[in-house]
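> Requesting a structural model of the entry that follows:
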Amino acid sequence: MDKDPVFQFSEYFDNDFLQELYENNISYAIGLFEIFCEITAPDLISISLHVEAANWDRVRFHLHKLDPNPSMVGLLPLSHQIQQLETKLIFQDTDTAVTDFYNIQSALLAAIPYVREEINRMKLFVAGH
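This is a model prediction of the structure:
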């Protein structure tokens, strides 16, 4: 009996995590990857306004909402960085908060083209199977 082909995520992403998360439901993965692309930049703009105003409670609130997004596309290290910053803010440790946020923001924005390319790869996979 033939096995269904399994989509392999690019090395930029945590393939093992995504295999477990999506169980080869690539159509579903496409939808979540597209959501990531749509909401990441606007969310980061919103958070950056709070960072500039040093409104750390709002920053923490929005980081908490943002945190699952990198995980859903297999960018676990970025999700971990968001969690670390959120934890710092819980304890009002704001010494490096601005730098930490802008490092996260840069990394997330840099990830978007890779996520878009992965969407294209997934769409080709789905079309061929």
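> Residue 103 is in what secondary structure piece?
helix 97-128 (DSSP states H and E).
> check contacts around residue 24.
If you count contacts by CB atoms under 8 Å, 6 or more residues apart in numbering, residue 24 has them with 4, 6-7. C-beta: built from backbone N, CA, C; applies to glycine.
> mind putting these in a markdown table, neighbour count, pLDDT and secondary structure included?
As requested, the contacts of residue 24 are arranged in a markdown table below (neighbours: other CB atoms under 10 Å; pLDDT from 0 to 100; DSSP: H, G, I helix; E, B strand; the rest coil):
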| residue | neighbour count | pLDDT | secondary structure |
| --- | --- | --- | --- |
| 4 | 7 | 79 | coil |
| 6 | 11 | 94 | coil |
| 7 | 20 | 96 | coil |
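> Relative to residue 61, which of those is nearest.
Using CB to CB, residue 7 comes nearest to residue 61 of the contacts of residue 24, at 34.9 Å.
> Could you report the distance from the closest one to residue 13?
Between residue 7 and residue 13 the computed distance is 11 Å (CB to CB, to the nearest Å).
> And for residue 77?
Residue 77 is 11 Å from residue 13, by CB to CB.
> Neighbour count for these two, which is higher?
residue 13 (19 against 10; other CB atoms under 10 Å).
> list the contacts for the more buried one?
Contacts for residue 13 were tallied using CB under 8 Å, 6+ apart; they are 73-75, 114, 118.
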